[in-house]
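Student: sequence? don't have it. structure:
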């Protein structure tokens, strides 16, 4: 999954197919896809019918001379620090990076491209001249600053749940619904981590044969509650090993050597917010609110990758070979199963990886039209920061961001 | 759940109802059941029509003068040591306790009723004069000694999977199918831990309205792999906290701060043995092989209690109030849910408890005839040792064991 920003392609080039994906459903790709383009005809077709075809090389060249004023709101959190790493690692065209936080964390120094950047307290003038805000400081902070960000002319890619279900705000997983980005009005929402991981695995199957019902049971890591919660689980584990009192500040109950249902608020039907996010956000991303979804979200003492046991129901039996092939080719997915070795996705392996590890594909023995899969994905990477940066890349590629170069000849 | 062995009851006594349960489906009971007998008419009816009625007081008195020569095979393991505790704690009428193990563990000293008992290596004469063998040393050990045990005239309650699916061997959860004990031919099998925990929670609902499909996702503790595996997980956690190499001897991958699918052998359909035990054993215990069951078994870094997310499907909607009432009254179940506090069963609370904690009862929002529940149960207690001892109690109460007092006037 190398970003191809800045590369030049010929239509005769092996990279042509990879490049084409970026203007269709696919923003990532595997070497296998490049080697077996005949298996990807639908993507090619999308590419040839895409209006982007005739401006793509131009865009690539234009991008080289373009860069963006970027701000990270919530820069010191688990996702915030990962956003900084990813902007650097994926060579996002950053002209200047502003790190914003609450006054409590202001003054800290973080590193970007080898240079120290001092974290500033967010304030009324923080967004002047900023093109892109990557926000990951919680829903209330995003709500508090959204108006200022949009009025400053920047686009906010928001990692909180504040705007996800707002009908005026696109909710995007670039591998699934990149087109929705064109409708943005200054805010684009990044889905919930458990939703992203599940959707990335289910979408490639859904495009072959529509899924009618999804049942998920999650095994969610401490990172979903932030960097301090991760530290708390480690401290809890040490306390239990030492037979000492177990600290519980970020979680209601000890998580080390324990599991418990996700502690987000419960609704009248007995479903917590985390579970309903998986239902409602998947409806919005897939563009199909008739899809039946039920999730049971459970926290487990893992540091940073979530796992999910997913049961899918279709109208007819789903061929296992077709399912495996689809997942092997799917962008954002690393297909992991070794039945001989009893080796499948696990959070230990998924941590730090961009791809969602998916495997253990089998029929549901309780339903002839059912399919089972098991996945692990880095909650901070693809579950949050990576998807956010991929949305930013999508906005840049499709010229959906205001650029600093344009602004400098503009009114500011 | 106080055992009532040795008590005497009058039909006018408050304990009468409790006593009656022991000769019907129920071997345990709650105070609530004793207080509200009108809610338990079916059990009373069973009692009055039971042939045990007229010999029950006699049996109670007889039991006082009876005691059994008991052997524990696999005495030094996690379940073995719990069996010793439970025999003492529940005041099982043990005349003499013999502790048996492999030669490797022989010579160790364990305590029973305040007296030291030296562990002996199991051998050809180990079962002479023994009435009851509680076996928990793995399937191969049970298979190796079963013939000798039965030929010695003892009854083996076997905690391994060796004989569970043998049509000549009853597979018993005393709260569910105690009647099956009457068919024993020297061996009674104790079900798999995940099966017991799920069955205990599902059975009270199944008796109200037949369940047609069960989907389970498990969160299984290290204790399922034995005492040494529990120590390994603690050692792994400490190594990870110290940033040292992680030991993996009993598990194929690190379990601390990780989760992975259960590492038992996989079949052609992609289901591991642990998952198929939940299917096949539940069929046998419920006496209904038409019931559709699918399980996904996952190991989590918890020490000794398993948790399960269970989705049930019925032919018609299941009333939530009726489900809650049934579970509140069910033997072996402690109903645990506090929606205000977001407090539900968790392994931390279930560890060391006899009852299976069940709660978070809600409708399945993806199916109008579906019901969801969440449970945690001590894998070593009700999941293994407690159920084994309860089977032993059942055998004693129903006079299905040879007794030493009889034997002393017999041929040996």
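Tutor: Happy to help now that I have it. The structure displayed is predicted, hence computed values, not measured ones. Residues are numbered from 1 along each chain as shown, chains lettered A, B, ... in the order given.

Student: now do the SS call for residue A:269.
Tutor: Of the three states, residue A:269 takes coil according to DSSP: H, G, I helix; E, B strand; the rest coil.

Student: next one: residue A:354
Tutor: When the structure is split into helix, strand and coil by three-state DSSP, residue A:354 lands in coil.

Student: what's around it, how many residues?
Tutor: Residues within reach of residue A:354, counting by other CB atoms under 10 Å in any protein chain shown, total 19. Just so you know, the C-beta spots here come from the backbone N, C-alpha and C atoms, and that holds for glycine as well.

Student: roughly how far does the residue lying farthest from the centre of chain A sit from residue A:174?
Tutor: Of all residues in chain A, residue A:243 sits farthest from the chain's C-alpha centroid, using CA atoms, centre = their mean; the distance is 38.5 Å. In this structure, residue A:243 lies at 48 Å from residue A:174, with CB to CB, to the nearest Å as the measure.

Student: and the residue farthest from the centre of chain A, how far from chain B?
Tutor: Shown here: residue A:243 relative to chain B, a distance of 11 Å by CB to the nearest CB, to the nearest Å.

Student: next, that residue: secondary structure please.
Tutor: Per three-state DSSP, the secondary structure class of residue A:243 is coil.

Student: list phi and psi for it.
Tutor: Here the main-chain torsion angles of residue A:243 (degrees, to the nearest 10) amount to phi 60, psi 40.

Student: then residue A:215?
Tutor: phi -120, psi 120.

Student: so what sits opposite residue A:217 in the bridge?
Tutor: When bridges are taken as DSSP bridges, the partners of residue A:217 come out as residue A:296, residue A:309.

Student: what sits against it?
Tutor: A:295-296, A:298, A:308-309, B:217, B:296, B:309 (CB atoms under 8 Å, 6 or more residues apart in numbering or on different chains).

Student: okay, now the unreliable bits of the stretch 301-412 of chain A?
Tutor: Low-confidence regions of the stretch 301-412 of chain A, defined here as pLDDT under 70, cover residues A:403-412.

Student: residue A:231 belongs to a helix, doesn't it?
Tutor: Yes - counting by three-state DSSP, residue A:231 is located in a helix.

Student: what is the neighbour count of it?
Tutor: Other residues near residue A:231 number 15, with proximity taken as other CB under 10 Å.

Student: quick one: contacts for it?
Tutor: Applying CB under 8 Å, 6+ apart, we find residue A:231 in contact with no residue.

Student: could you do residue A:291 as well?
Tutor: Taking CB under 8 Å, 6+ apart as the test, what residue A:291 contacts is A:211-214, A:282-283.

Student: where does pLDDT dip in chain A?
Tutor: Residues of chain A that meet the cut-off, pLDDT under 70, sit at A:1-65, A:403-412.

Student: ranges for the helices of it?
Tutor: A:15-21, A:31-35, A:41-49, A:56-64, A:78-89, A:139-151, A:193-206, A:227-241, A:273-286, A:320-329, A:347-350, A:386-397, A:404-408 (DSSP state H).

Student: not counting the shortest one itself, show me its contacts.
Tutor: Going back to what we said before, that points to helix A:347-350. Helix A:347-350 has contacts (CB under 8 Å, 6+ apart) with A:219, A:221, A:302-307, A:336, A:356-357, A:376-378, B:253-254, B:257-259.

Student: burial check on the residue nearest to residue A:212 when sequence neighbours are not counted, number of neighbours?
Tutor: Of all residues beyond its chain neighbours, the one nearest residue A:212 is residue A:313 (5.2 Å), with distances taken as CB to CB, 6 or more residues apart in numbering or on different chains. Other residues within reach of residue A:313 by the criterion other CB under 10 Å amount to 18.

Student: again, but for the one 3 residues further on
Tutor: Using other CB under 10 Å, residue A:316 has 8 neighbouring residues.

Student: can you tell me how far it is from chain B?
Tutor: With distances taken as CB to the nearest CB, residue A:316 is found 18 Å from chain B.

Student: same check on residue A:94?
Tutor: Distance, residue A:94 to chain B, by CB to the nearest CB: 32 Å.

Student: any idea how far the residue of the stretch 151-300 of chain A found nearest chain B is from residue A:262?
Tutor: In the stretch 151-300 of chain A, no residue comes nearer to chain B than residue A:270, which is 3.1 Å away by CB to the nearest CB. With the distance defined as CB to CB, residue A:270 ends up 12 Å from residue A:262.
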